[in-house]
Every structure is written in C-alpha cells, then in structure tokens.
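*Asks:* can't give you the sequence, but here's the structure:
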C-alpha cells in the first residue's frame, strides 16, 4: 500500500511555494512532477517548490550537515533546479517552525548557495507570527558590462550575484518593463549561460525602492527575495554607498507587487533580508496522479 504524500502551501510577500516535507529524501521529484505540482490550473500552483530534506540525506546537502540539519532543495516552477530563493528560505523556516523542528530564534538552512542563517522573531500576537530575517551572504558584483532591453532600446544593468545571478536596471516607470512572462533580452548572452533573474527598479523616496522581476524558470513573480537584495546592493553602489568600505550599514525598503521587504547591507558585507512568511494550507497529493508523472 502506498504512503500518502503530504504538502503545504505558503508564501513570502506573495512569492508562493508548494512545500513537500521529505526528511529522508525518499520522494522522487523529477522536473515533470515539479512542473505539474506548480501548475496553477492542473496542479497545486506555485512559483516554485520547496523540498524539505535533512542535509545528511541529500547528496547536495551532506557537505553542510555539520552546520545545518535541514537542506532546502529548491526547484523553479518549470522543474529546473535553482541555487537559492530568498523568500523560499523564509517560508522553509516557517514550515520547520510549524512542524515543531525549530522554535523562534536562530536557524541554519543549507542551500545550493551555502548555509543561510535565519532569525525567527517571536509571535507579535497570538496567531500572528513575527517576521523572519535571513542572512543572505555577501553580494558579488562581477566585472563586465551588461545591458537589458527595455522597450525598443537597451538600458545598462548591474550584475549582482546573490548565490544566483541578477541583472538590475533602473527605469523611470515600472510599466516600461512591459510583460514579463517571457525572459527579457540581456546582453551579452554569454554573461549568463544558465539564465538570469532580471529586476526593473524605480525610486520612490530616499532609501525606498519599488521593483518588478522576471525570475528565470518562473516568469514574472509577485516577489523575489534574492532579487530585492540585488536591487538594494545595486542602489547602494549607485548612491555611492559601500558599507564594507565605510563601516556604516545601508538599508533600503523594497516594495514588490506582493509586499515589502527590508534589506540591509551590513558593514561586514553580509546582506540581511527581513519580511513575512505565511503558511496557508496543507493537504495530501493524489498518489495515482503523481505516480503517472514520475513513471
């Protein structure tokens, strides 16, 4: 007799995920199965999938097992594997808290982009979990000029690596980004052999930004945590701020279609992201349906 496979649904600033708890890594989640689960009409629906596995049980997580008990095996909505997902880390942490694996406080999560450390705030009120802050690591700004097509022209962009690649371009109006279901053209193509997340950014006020994003493998999403971090770093350099040199942190609020994130680049160069994470549903996946996809 087959064992039922449970799932949960959650989101961070409306960047939503299918969550599959699988501590011992026993569930076959190939690209077709992931894409079907993330399908908004024929599946559960989500921008991506969070496969919750103990680090020691996953080939890509074992190297981190001494630092982090849990490995976030993240997949894009099209089934492709991704290095990192900032909103996903917060939702992943919220699930571990909900399942009783961790309490409010500090948590280490292993990802393909290394170990990320999270802080889960205590409940603000009964039934109202506090926000989650994640140390996203130090941003890298690879050399080389990058351009993004905006309308009929090309606009300079900043290449920011947050463990996954981003091309950040500033515009005067977010509508200039056009439809973001398909990937915007980024040149030179050789700069991103595995694809890239593209962010379009406007200034709202000093220290306040708004953005839209095309996430590789998912299209336009309501929010992107690593993208918000990349946007804040790009804005800081544009504004002449480099905390690692000045010793003073730089903080930006970033408004996304799905909500607001607060991004701080600390004096040690580590980028922190703070925002909500919500679990909205749980249930059981139909075994016959999933078996047909993984056969």
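*Replies:* Received, thanks. Model, not experiment: these values are computed from the prediction.
*Asks:* so what's the most centrally placed residue in the chain up against?
*Replies:* The geometric centre of the chain, computed from its C-alpha atoms, lies nearest to residue 85 (C-alpha atoms, centre = their mean), at 2.3 Å. Counting by C-beta atoms under 8 Å, 6 or more residues apart in numbering, residue 85 touches 15, 48, 50, 72, 74, 225, 226. For glycine as for every other residue, the C-beta is placed from the backbone atoms N, C-alpha and C.
*Asks:* again, but for residue 214
*Replies:* Residue 214 sits next to 180, 182, 183, 184, 197, 198, 220 when contact means C-beta under 8 Å, 6+ apart.
*Asks:* taking these one by one, which sit in strands?
*Replies:* 197, 198, 220 (DSSP state E).
*Asks:* highest neighbour count among those?
*Replies:* In terms of neighbour count, residue 198 stands highest of the ones in strands among the contacts of residue 214 at 28 neighbours, by other C-beta atoms under 10 Å.
*Asks:* that one and residue 210: what is the separation?
*Replies:* Distance of residue 198 to residue 210, computed by C-beta to C-beta, to the nearest Å: 15 Å.
*Asks:* just residue 242 next, same as before
*Replies:* 23 Å.
*Asks:* any chance of a markdown table for the ones in strands among the contacts of residue 214, columns pLDDT and distance to residue 154?
*Replies:* Formatted as a markdown table, these follow (pLDDT from 0 to 100; distance: C-beta to C-beta, whole Å):
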| residue | pLDDT | distance to residue 154 |
| --- | --- | --- |
| 197 | 96 | 18 |
| 198 | 98 | 13 |
| 220 | 96 | 20 |
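*Asks:* what's the residue nearest to residue 283 when sequence neighbours are not counted sitting at in phi/psi?
*Replies:* Spatially, and ignoring its direct neighbours in sequence, residue 283 is nearest to residue 7 (6.1 Å; C-beta to C-beta, 6 or more residues apart in numbering). Dihedral pair for residue 7: phi -140, psi 160, per degrees, to the nearest 10.
*Asks:* count the residues that sit near residue 7.
*Replies:* For residue 7, using other C-beta under 10 Å, the count is 18.
*Asks:* what do you get for the one 3 residues further on?
*Replies:* As a burial measure, the neighbour count of residue 10 was computed by other C-beta under 10 Å and equals 25.
*Asks:* look up which helix or strand it falls in, please.
*Replies:* strand 5-12 (DSSP states H and E).
*Asks:* would you mark the buried spots in that strand?
*Replies:* Under the neighbour-count criterion of 16 or more other C-beta atoms under 10 Å, strand 5-12 has 5, 7, 8, 9, 10, 11, 12 buried.
*Asks:* can you redo the residues you listed as JSON lines with distance to residue 66 and pLDDT?
*Replies:* What follows is these, written out as JSON lines (distance: C-beta to C-beta, whole Å; pLDDT from 0 to 100):
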{"residue": "5", "distance to residue 66": "29", "pLDDT": "91"}
{"residue": "7", "distance to residue 66": "29", "pLDDT": "98"}
{"residue": "8", "distance to residue 66": "28", "pLDDT": "98"}
{"residue": "9", "distance to residue 66": "32", "pLDDT": "98"}
{"residue": "10", "distance to residue 66": "28", "pLDDT": "98"}
{"residue": "11", "distance to residue 66": "31", "pLDDT": "97"}
{"residue": "12", "distance to residue 66": "27", "pLDDT": "97"}
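*Asks:* quick one, what contacts residue 208?
*Replies:* Residue 208 touches 252, 253, 255, counting by C-beta under 8 Å, 6+ apart.
*Asks:* now do the contacts for the second one.
*Replies:* In this case it means residue 253. Contacts of residue 253 (C-beta under 8 Å, 6+ apart): 207, 208, 209, 260, 261, 262, 263.
*Asks:* how about a cut-off of 6 Å?
*Replies:* 208, 260, 262 (C-beta atoms under 6 Å, 6 or more residues apart in numbering).
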